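**Student:** I would like the atomic coordinates for the input below:
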Amino acid sequence: MARYNTVIQTSTLATGQSVGTPAQGLYTEFTGIGPFTVQLASPVIYLGSSQTFYNATSGPSGDVTLSTTTNLGYIQGPGQTSTSTAFALSPGATCTIYSDGTNYQLISVNGANTFVNNLTANGTVSIQPVNASVTISPSGTGTVTMAPATKGTINNVDIGTTTAANATVNTLTLNTSLTGSGTISGGTF
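**Tutor:** Numbers count the residues shown, from 1 in each chain. Below is the predicted model of the structure:
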């Protein structure tokens, strides 16, 4: 007689519970009030399994932390170290993890996640919020670098609207008249 294993397609977790097996829900939605932590099953036991998680929590800081312990493997992927035992899934975000038999690999992360280390894009990046600002604000001694330095275009930008601004340019073309007060030096006008 044939034996059939049952895999639940979807499940919901409302508090810090454990995911005992990937069969508990191939797609799991976190609800309730965050933050809370969910303990994942061992990736060693479930080689080849993948699970998708969606954070539908609310609260002041609704992160759901997916967690494992070092003896159960790590959670590796973008923004993670090779020895990360936790991944914070932001409200509204989705992620898919895959067991390689030793660790979990983050194979897809979409949504409002914060990258702790480097975010690298190997193609065109488009940031187009409607009627919203885009902020790049490194702290401490951080800088904003745009490369290549020999070519590029920045359009429709206010520079130094409230304080003095310094710029080194080879060619400056003004499409409007100069107003206000200040000093322009080093060139012929």
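**Student:** wait, isn't residue 109 in contact with residue 77?
**Tutor:** Yes - the pair residue 109 / residue 77 is scored as a contact, 7.2 Å apart, by CB atoms under 8 Å. Backbone N, C-alpha and C define where each C-beta goes, glycine included.
**Student:** how close does residue 45 get to residue 81?
**Tutor:** In this structure, residue 45 and residue 81 are 23 Å apart, going by CB to CB, to the nearest Å.
**Student:** ok, now which ones touch residue 111?
**Tutor:** 55, 89, 90, 92, 93, 94 (CB atoms under 8 Å, 6 or more residues apart in numbering).
**Student:** how does it look with 7 Å?
**Tutor:** Residues in contact with residue 111 (CB atoms under 7 Å, 6 or more residues apart in numbering) are 90, 92, 93, 94.
**Student:** which of those count as buried?
**Tutor:** Neighbour-count burial (16 or more other CB atoms under 10 Å) is assigned, among the contacts of residue 111, to 90, 93, 94.
**Student:** out of those, which sit inside strands?
**Tutor:** residue 94 (DSSP state E).
**Student:** can you show me the helices along the protein?
**Tutor:** With helices called from DSSP state H, the chain shows none.
**Student:** low-confidence regions, it specifically.
**Tutor:** 1-16, 20-25, 59-60, 70, 112-121, 147-168, 172, 174-189 (pLDDT under 70).
**Student:** now do the strands in it.
**Tutor:** 10-13, 27-30, 36-39, 50-55, 64-67, 75-76, 86-89, 94-99, 104-110.
**Student:** and the angle for the longest one with strand 50-55?
**Tutor:** Going back to what we said before, that points to strand 104-110. Per axes from the mean of the first three to the mean of the last three CA atoms, to 10 degrees, the angle that strand 104-110 makes with strand 50-55 is 50 degrees.
**Student:** please save the CA atoms from strand 104-110 in PDB.
**Tutor:** Coordinates of each C-alpha in strand 104-110 appear next as PDB, following Å, rounded to 0.1, in the frame of the first residue of the first chain:
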ATOM      1  CA  TYR A 104      19.500  28.000   4.700                       C
ATOM      2  CA  GLN A 105      20.100  30.200   1.700                       C
ATOM      3  CA  LEU A 106      18.100  33.300   1.200                       C
ATOM      4  CA  ILE A 107      17.200  32.900  -2.500                       C
ATOM      5  CA  SER A 108      14.700  35.700  -2.700                       C
ATOM      6  CA  VAL A 109      14.000  38.800  -0.600                       C
ATOM      7  CA  ASN A 110      11.400  41.400  -1.700                       C
END
